[in-house]
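*Asks:* this one's structure only:
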């Protein structure tokens with residue numbers, strides 16, 4: 001079975017979770033004005049980078065992180081944007097699949113299993129007795145290429161049975177930098193040869209994002225790469241001196257002065273204080289081949305947090321550990337109780353340097369077959385992690401995800417993202433070992 005890690009988000013480390021509004025009508029957060037550079041070139045994608053929404057909203061203001069020539073389009077809609085560039089989208093909700101969102105213990109093939117988290121609305125262990133998170137959340141990614149539905153979001157606008165979003169943003173003009181896939185690579189689960197090693201944790205598909213490019217999907221929807229394919233740039237934004245969208249690398253604790261991670265957030269910069277050193281200190285302070293996405297969420301009543309599963313693959317390990325070439329994968333929260341990086345480990349962000357001790361799938365491992373990492377002494381992966389974050393009851397906040405090359409445009413990093421779900425209990429950001437990336 002693939003290694004599994006339970007990781008709590010740094011959002012959690014500084015967010016005090018509480019119950020949220022139960023009407024399900026998520027409003028735009030104050031930080032939702034994001035530059036959405038959308039210029040897809042792949043088949044099956046509209047010229048705006050998303051399918052025509054069924055309901056429209058406001059257009060996000062540019063963030064200033066892109067060049068003036070790049071367009072900004074930010075549809076606000078209760079239906080999910082389709083922008084994978086891998087083909088046309090057919091939305092087919094698998095309503096007969098009633099797997100509950102309480103599944104947290106991961107398996108190699110991504111099938112559901114028992115859990116110790118409190119993600120159902122009916123389970124109040126460690127949480128509020130009025131938790132209104134969905135007791136069941138049927139997947140809806142069976143036949144679609146929607147990147148939000150692929151990770152468990154926006155299956156409907158009913159907050160009792162799904163997780164609606166608003167203001168979906170995809171800032172990735174090169175649509176080959178992401179894929180919605182049924183599996184990644186060609187390896188089979190060592191514990192079950194009938195299952196793929198890298199398979200979805202919920203539903204039939206997951207999201208694969210990278211700082212390079214991906215080939216078209218296989219006939220079965222799988223993403224398979226040849227060796228050395230993870231050693232090239234893409235057409236996404238380069239030479240960014242600041243993180244994209246709502247993200248900022250500067251310290252944000254202690255009202256912007258830093259020094260008290262997860263406490264007294266300034267509401268703009270990184271309250272975890274984890275990114276700055278590896279951005280400017282270890283890293284070169286310049287991001288290339290940047291993939292960025294974000295969306296707004298309305299937290300259900302009695303719900304104190306959220307969970308998200310992911311895997312980190314990189315071509316940079318081990319040659320660039322401690323070097324200025326230091327790719328990052330970031331999940332960012334703009335909650336009222338915490339603003340900043342919510343994915344960190346040992347008080348460091350998810351970079352090739354910080355994750356050095358946690359690379360458990362090493363060069364030559366059969367589990368890397370078909371992922372593009374050649375096994376010639378370079379390229380490794382972490383195995384699955386579960387990221388845990390916190391949120392304030394009733395609030396609407398923005399969650400953003402980005403992966404990019406830091407300091408180079410060649411050696412690539414890939415993130416596999418899946419199974420966003422609410423967590424009734426959540427965590428307390430400033431309590432030791434309550435939140436953050438904690439391997440199990």
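*Replies:* Structure received. Just so it is clear, the structure is predicted and the values come from calculations on it, not from any experiment. Numbers count the residues shown, from 1 in each chain.

*Asks:* I figured residue 251 hits residue 265, correct?
*Replies:* No: counting by CB atoms under 8 Å, no contact exists between residue 251 and residue 265, whose distance comes to 10.3 Å. (C-beta placed from N, C-alpha, C; glycine too.)

*Asks:* who's more crowded, those two?
*Replies:* Neighbour tally, residue 251 and residue 265, criterion other CB atoms under 10 Å: the higher count belongs to residue 265, 27 against 23.

*Asks:* if we ignore the residues flanking it in sequence, what's nearest the more buried one?
*Replies:* The shortest distance from residue 265 to any residue other than its chain neighbours is 3.7 Å, reached at residue 271 (CB to CB, 6 or more residues apart in numbering).

*Asks:* now do residue 160
*Replies:* With CB to CB, 6+ apart as the criterion, residue 160 has its nearest non-adjacent residue at 6.0 Å, and that residue is residue 134.

*Asks:* tell me the secondary structure for that neighbour?
*Replies:* Three states are possible here, and by DSSP: H, G, I helix; E, B strand; the rest coil the one that applies to residue 134 is coil.

*Asks:* ok, so what distance separates it from residue 176?
*Replies:* Remark: distance between residue 134 and residue 176 (CB to CB, to the nearest Å) = 34 Å.

*Asks:* then residue 296?
*Replies:* For residue 296, the distance to residue 176 - CB to CB - is 27 Å.

*Asks:* so those two - more neighbours on which side?
*Replies:* Neighbour comparison, residue 296 and residue 176: the larger count goes to residue 296, with 24 against 21 (by other CB under 10 Å).

*Asks:* quick one, phi psi at the more buried one?
*Replies:* With angles defined as degrees, to the nearest 10, residue 296 shows backbone torsions of phi -100, psi 140.

*Asks:* go on, the one 3 residues further on?
*Replies:* Here the main-chain torsion angles of residue 299 (degrees, to the nearest 10) amount to phi -80, psi 130.

*Asks:* that one contacts residue 397, doesn't it?
*Replies:* Yes: because the distance of 7.4 Å satisfies CB under 8 Å, residue 299 is recorded as touching residue 397.

*Asks:* count the residues that sit near residue 194.
*Replies:* Per other CB under 10 Å, the neighbour tally for residue 194 reads 7.

*Asks:* apart from its chain neighbours, what residue comes closest to it?
*Replies:* residue 188 (7.6 Å).

*Asks:* can you report how many residues neighbour the one you found?
*Replies:* Using other CB under 10 Å as the criterion, residue 188 is surrounded by 20 other residues.

*Asks:* distance check, it against residue 366.
*Replies:* Taken as CB to CB, the spacing of residue 188 relative to residue 366 amounts to 9 Å.

*Asks:* how about residue 133?
*Replies:* Taking CB to CB, one finds residue 133 at 38 Å from residue 366.

*Asks:* so between the two, which is more surrounded?
*Replies:* Counting neighbours by other CB under 10 Å for residue 133 and for residue 366 shows that residue 133 has the greater number, 31 against 13.
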